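S.K.: Got a predicted structure plus its sequence, pasted below:
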Amino acid sequence: MKYFINNYIKREENGIRISEIYLEMNKESADFLYKNRGKYIDILFGNDDIEILINYSFISLFPNYYNLIPNTSYSLFGIDSRCLLEDLNDVESREKKVGVFEFPYFQGTIKHNYNRDSISILKDMSNKFPNPNISIRENKDLDVECSYIYDYGFLNINFNSKMINEIESISYKIYSSNNNIFPLFLGGDHTITYPIVKGINNSGYKSLRLLYFDAHLDISELEELHNGNVMKKLKESFSGDIELINFGARSPLFIEEYNTSRDLTKFTDIENLITYLKKNKNIPLYISIDLDYLDPVYNPGVTYPVPNGSTVNNLLEIIRKIFDLDVKVLGIDIVEYNSSNDLSLVGANTSAYLIYNLLKDMAKFYK
């Protein structure tokens with residue numbers, strides 16, 4: 001049977017490796033897999049060996065670009081680092097986890113003035129906050145069980161053209177497994193939402209609500225996928241039913257965007273949004289947060305700031321109300337922090353504050 005061999009396999013003395021995963025094997029098998037990286041090819045290994053190779057993303061039935069690098073000494077807020085593939089394949093564990101994934105992709109924008117170190121700057125800022133796992137459990141007034149929060153690493157980007165495939169591979173791996181991981185994906189520009197949702201779709205979800213907090217509708221008519229048309233591209237490519245729900249758009253529309261905008265559900269009032277989400281609570285929900293939803297007074301570190309935005313506390317209040325609905329939330333992404341426009345690092349501090357509190361809320365919700 002033909003399988004796709006992961007292009008990121010590395011040959012080591014007594015086996016093969018992908019990022020944090022090492023498999024010991026005989027020289028002939030290791031050489032075969034290494035020499036055929038990136039190819040669809042017949043693999044005549046035993047069934048048990050095939051199963052192990054699939055489980056740890058060395059081979060797959062579809063193109064797989066998994067290459068997640070663990071943050072062993074440099075994690076967000078000092079939280080413990082974990083290996084995603086080991087956790088997904090630990091069938092004995094029933095522990096529910098909140099997982100942070102970092103996707104430093106900044107090529108999906110027309111304005112190429114992103115600082116590729118933006119996530120690193122957020123991580124530096126996170127050192128000024130306590131570990132959220134500790135602060136939750138030291139709150140004596142909090143009498144609830146909580147999930148633990150873990151850092152699952154970042155994508156090491158060598159070729160931007162492969163980044164979308166890499167993100168989709170990780171998303172597919174998370175959502176196609178019988179996992180207990182509630183993910184928070186950190187971008188990167190808003191383009192990363194496209195492969196994340198594609199991974200959800202390909203893993204078997206054929207009906208989805210996508211709620212995005214954004215000052216823009218992201219429905220540009222440009223042909224190439226970028227952060228200004230990511231929602232339009234998802235609407236066109238999703239296999240099944242996807243409902244796009246925007247909260248907080250306030251940027252003027254271009255004339256060519258009016259027809260597409262009619263296909264969206266739009267809200268600016270919190271209670272109207274919550275009332276709407278109460279309907280059909282059985283439909284899974286994915287949440288995307290573009291940081292330009294916030295007012296640029298509080299977060300200037302975005303590429304497309306729009307005045308008259310919201311506050312962090314307002315956003316957190318909405319997320320908590322959504323969690324209280326007991327709807328199935330599949331995951332959340334936070335995108336568009338750009339340190340190039342954040343000389344004072346006010347935006348980094350605001351973004352880190354949002355991420356910190358959101359992670360704690362996710363841990364309380366997913367238990």
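M.R.: Structure received. Everything quoted here is computed from the prediction, not taken from an experiment.
S.K.: need the helices for the stretch 101-250 of the chain, in chain order.
M.R.: All helices of the stretch 101-250 of the chain, identified by DSSP state H, counting those that start in this stretch, fall at 118-126, 132-137, 163-176, 193-202, 230-237.
S.K.: quick one: buried residues of the longest helix anywhere in the chain?
M.R.: For the chain, the helix with the greatest residue count under DSSP state H is helix 346-365. The neighbour-count check on helix 346-365 (16 or more other C-beta atoms under 10 Å) flags 347-365 as buried. For every residue, glycine as well, the C-beta is placed using N, CA and C.
S.K.: same check, this time on stretch 25-38
M.R.: Quick answer for stretch 25-38 (16+ other C-beta under 10 Å): Met25, Ser29, Ala30, Phe32, Leu33, Asn36, Arg37.
S.K.: for the stretch 251-367 of the chain, what spans make up the helices?
M.R.: Per DSSP H, counting those that start in this stretch, the stretch 251-367 of the chain carries helices over the ranges 258-261, 270-278, 312-324, 346-365.
S.K.: Ok, which of those helices comes nearest Ser176?
M.R.: helix 346-365 (21.1 Å; C-beta to C-beta).
S.K.: and the angle from the closest one to helix 118-126?
M.R.: Orientation check (axes from the mean of the first three to the mean of the last three C-alpha atoms, to 10 degrees): helix 346-365 against helix 118-126 gives 80 degrees.
S.K.: What average pLDDT does helix 346-365 get?
M.R.: Regarding helix 346-365, the rounded mean pLDDT is 97.
S.K.: how far does that helix sit from the chain's center?
M.R.: Helix 346-365 sits 15 Å away from the centroid of its parent chain (C-alpha atoms, centre = their mean, to the nearest Å).
S.K.: Just the C-alphas of stretch 61-69, formatted as CSV.
M.R.: Taking C-alpha atoms only, stretch 61-69 is exported to CSV below (Å, rounded to 0.1, in the frame of the first residue of the first chain):
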residue,chain,number,x,y,z
LEU,A,61,-2.2,8.3,3.7
PHE,A,62,-2.2,12.0,2.8
PRO,A,63,0.6,14.6,2.5
ASN,A,64,1.8,15.2,6.1
TYR,A,65,4.2,18.0,7.0
TYR,A,66,4.3,17.6,10.7
ASN,A,67,7.3,19.4,12.2
LEU,A,68,6.4,20.8,15.6
ILE,A,69,9.4,21.8,17.7
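S.K.: buried stuff in it?
M.R.: Buried residues in stretch 61-69 (16+ other C-beta under 10 Å): Asn64, Tyr65, Tyr66, Asn67, Leu68.
S.K.: and if you look at stretch 214-232?
M.R.: Quick answer for stretch 214-232 (16+ other C-beta under 10 Å): 214-220, 225-232.
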